[in-house]
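Asks: Structure for this input, please:
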Amino acid sequence: MPITGTPMKHLAFILTLFLSNLIPNTVSAADLSRSEVIQLLKNASKAKPANLRRNDLKGVDLSKLDFRNADLWGADLRGADLSQSNLSDLVLDLTVMTGINLSGADLSRVSIFGVSMMRSNLSNVNFSDSRVIANLDNSNMSNANLANVRWGADMKNQPMGLMRVSLNKVNLTNANLQNADLGRATLRFANLTDANLSNAILISAELGAANFTDANVSHVDFTAAKLADSNFTNATLTGANFHKIQGLDSARGLKNNKTKSASMFD
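Replies: Numbering: from 1, shown residues only. Model prediction:
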């Protein structure tokens with residue numbers, strides 16, 4: 001469900017969720033048990049989705065469930081186990097997902113806005129064709145499918161200041177980021193070893209100390225990106241655009257790269 005109300009109300013709600021992640025979880029019972037959630041899902045339909053809206057589901061085992069007929073908008077899913085669950089096509093705006101386990105889950109085509117997913121297990125997750133503006137710092141996204149994602153900042157819609165995806169210190173080894181839009185994203189110290197980023201957009205992205213060892217960055221647009229101390233050892237650079245780069249002199253693995261001549265530098 002889309003966010004309604006004034007920009008200041010949106011900001012207040014987002015700040016409330018952000019601050020809630022700074023407070024340690026207290027021991028409290030979730031609103032629903034696994035069996036109760038299963039029963040709600042069993043009786044749900046597209047016309048009448050299971051109402052899990054703003055429910056407290058912290059720490060609940062929700063693995064291997066089909067949530068496609070559920071409303072999870074604003075739910076508290078901190079520490080919950082949704083591994084191998086199907087959440088495709090859902091609107092998960094303003095949910096709270098710090099420390100969540102979504103390993104092997106299907107989140108293709110989801111919308112996630114104003115969300116914390118820090119320190120989460122997102123290995124082997126399918127995020128293809130999704131739209132995400134969230135904080136995923138320190139998460140494990142190894143072997144994830146991020147093909148065709150639209151995670152870049154929308155510069156035409158920034159009423160509350162720059163809202164962008166944060167992937168600092170994220171493990172993206174062997175991830176698929178083909179055609180991914182990560183414009184203005186932050187990926188400082190991100191591990192992209194063996195990742196496939198062919199045709200991705202990283203315009204104005206912050207990539208300081210990011211590791212692209214053995215990655216495929218062919219035809220990636222790095223225009224105006226910050227690459228200080230990044231590592232491109234054995235990366236495939238064919239067709240990549242390194243225009244107006246900041247920190248290029250300290251980037252490693254570029255000088256003697258065999259495919260450097262087939263990329264664009266200025």
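
Asks: For residue 178, which non-adjacent residue is spatially closest?
Replies: In space, and not counting its chain neighbours, residue 178 is closest to residue 147: 4.7 Å by Cβ to Cβ, 6 or more residues apart in numbering. Heads up, the C-betas are built off the backbone N, CA and C, glycines and all.

Asks: mind showing which ranges of the protein have poor pLDDT?
Replies: Along the chain, the model assigns pLDDT under 70 to residues 1-29, 155-162.

Asks: Show me where it has its helices.
Replies: Remark: helices assigned in the chain by DSSP state H are 7-20, 34-42.

Asks: which secondary structure elements does the last one contact?
Replies: Packing partners of helix 34-42 (3 or more Cβ pairs under 8 Å, 6 or more residues apart in numbering; DSSP states H and E): strand 50-51.

Asks: where along the protein do the strands fall?
Replies: Under the criterion DSSP state E, the chain carries strands at the ranges 50-51, 70-71, 111-116, 131-135, 241-242, 264-265.

Asks: The last one pairs with which strands?
Replies: Sheet neighbours of strand 264-265, with direction, are listed as strand 241-242 (parallel) (DSSP bridges).

Asks: How many residues are close by the residue nearest to residue 178?
Replies: Neighbourhood size, residue 147 [other Cβ atoms under 10 Å]: 21.

Asks: got it, and residue 36?
Replies: Neighbours of residue 36 using other Cβ under 10 Å come to 12.

Asks: give the contact list for it.
Replies: Residues in contact with residue 36 (Cβ atoms under 8 Å, 6 or more residues apart in numbering): none are found.

Asks: returning to what we had before: who wins for proximity to residue 229 among the strands of the chain?
Replies: Closest to residue 229 of the strands of the chain is strand 241-242 (Cβ to Cβ; 15.4 Å).

Asks: about what we covered before: for the residue nearest to residue 178, which residues are in contact?
Replies: 128, 129, 176, 177, 178, 179, 180.

Asks: what about 6 Å?
Replies: Listed by Cβ atoms under 6 Å, 6 or more residues apart in numbering, the contact partners of residue 147 are 128, 176, 178.

Asks: now the residues you listed as JSON lines including distance to residue 237?
Replies: Shown next, in JSON lines, are these (distance: Cβ to Cβ, whole Å):
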{"residue": "128", "distance to residue 237": "25"}
{"residue": "176", "distance to residue 237": "18"}
{"residue": "178", "distance to residue 237": "16"}
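
Asks: In CSV: those residues, plus neighbour count.
Replies: Formatted as CSV, these follow (neighbours: other Cβ atoms under 10 Å):
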residue, neighbour count
128, 21
176, 21
178, 19
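
Asks: ok, those vs residue 257, which is closest?
Replies: Looking across the contacts of residue 147 and measuring by Cβ to Cβ, the closest to residue 257 is residue 178, at 20.6 Å.

Asks: measure stretch 84-103 end to end?
Replies: By Cα to Cα, to the nearest Å, the extent of stretch 84-103 from end to end equals 6 Å.

Asks: list the buried ones in that stretch?
Replies: Within stretch 84-103, the residues that qualify as buried by neighbour count (16 or more other Cβ atoms under 10 Å) are 84-88, 90-103.

Asks: Same check on stretch 254-266?
Replies: Of all the residues in stretch 254-266, those buried under the rule 16+ other Cβ under 10 Å are 254, 257, 259, 260, 263.

Asks: tell me, how many neighbours does the closest residue to the first one other than its chain neighbours end up with?
Replies: Okay, so that is residue 254. Closest residue to residue 254 apart from its sequence neighbours, by Cβ to Cβ, 6+ apart: residue 232 at 5.2 Å. Per other Cβ under 10 Å, the neighbour tally for residue 232 reads 25.

Asks: was I right about residue 232 contacting residue 255?
Replies: No. With contact defined as Cβ atoms under 6 Å, residue 232 does not reach residue 255; the gap is 9.6 Å.

Asks: Can I get the buried residues of stretch 254-266 in JSON lines including distance to residue 64?
Replies: Output for the buried residues of stretch 254-266, formatted as JSON lines (distance: Cβ to Cβ, whole Å):
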{"residue": "254", "distance to residue 64": "44"}
{"residue": "257", "distance to residue 64": "43"}
{"residue": "259", "distance to residue 64": "42"}
{"residue": "260", "distance to residue 64": "46"}
{"residue": "263", "distance to residue 64": "44"}
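
Asks: Many thanks, I have nothing further to ask.
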